[in-house]
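Asker: 3D model of this:
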Amino acid sequence: MSAKKLFEVLISALLYLLITLLWFVYAAPQMVEHGSEASLITAFFGTMVWLAATGCIFIHIIQKARPA
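Answerer: Purely as a prediction, here's the structure:
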């Protein structure tokens with residue numbers, strides 16, 4: 001694996017972990033604490049978007065790892 005590709009993979013993993021931590025540690029709990037319907041709906045849909053993105057990332061990794 002070239003140094004450029006390794007750098008891209010590591011930066012992507014770091015960005016994914018950073019976004020995940022920010023969402024589940026900072027943003028989502030504050031939305032749930034606020035308690036209004038709009039913030040609860042936003043927290044739910046944000047979590048669903050995160051779940052869909054995670055699934056897509058795993059599918060992409062599996063497809064790239066499987067020999068054609």
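Asker: could you list every helix and strand in contact with the worst-scoring helix or strand of the chain on mean pLDDT?
Answerer: Lowest mean confidence among the helices and strands of the chain (mean pLDDT, DSSP states H and E): helix 28-34, at a mean of 89. In terms of contacts (3 or more CB pairs under 8 Å, 6 or more residues apart in numbering; DSSP states H and E), helix 28-34 is packed against helix 37-65. C-betas here are computed from N, CA, C, even on glycine.
Asker: in the helix it packs on, what's buried?
Answerer: Buried residues in helix 37-65, counting neighbours by 16 or more other CB atoms under 10 Å, are found at 43, 50.
Asker: in this structure, where is pLDDT below threshold?
Answerer: For the chain, applying pLDDT under 70 flags the ranges 68.
Asker: need the contact list for E33.
Answerer: Contacts for E33 (CB atoms under 8 Å, 6 or more residues apart in numbering) come out as none.
Asker: please report the distance of it from I41.
Answerer: 15 Å (CB to CB, to the nearest Å).
Asker: before we move on, what about I11?
Answerer: From I11 across to I41, the span is 32 Å (CB to CB).
Asker: thinking again about what came up before, could you list the buried residues of the least confident helix or strand of the chain?
Answerer: 28, 31.
Asker: can you show me the CA trace of stretch 6-17 as PDB?
Answerer: Provided in PDB are the C-alpha atoms of stretch 6-17 (Å, rounded to 0.1, in the frame of the first residue of the first chain):
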ATOM      1  CA  LEU A   6      -2.400   4.700   3.700                       C
ATOM      2  CA  PHE A   7      -2.600   8.400   4.600                       C
ATOM      3  CA  GLU A   8      -6.100   8.700   3.000                       C
ATOM      4  CA  VAL A   9      -7.300   5.600   4.900                       C
ATOM      5  CA  LEU A  10      -6.000   6.800   8.200                       C
ATOM      6  CA  ILE A  11      -7.400  10.300   7.800                       C
ATOM      7  CA  SER A  12     -10.700   8.900   6.800                       C
ATOM      8  CA  ALA A  13     -10.800   6.600   9.800                       C
ATOM      9  CA  LEU A  14      -9.900   9.500  12.100                       C
ATOM     10  CA  LEU A  15     -12.600  11.800  10.600                       C
ATOM     11  CA  TYR A  16     -15.200   9.000  11.000                       C
ATOM     12  CA  LEU A  17     -14.200   8.500  14.700                       C
END
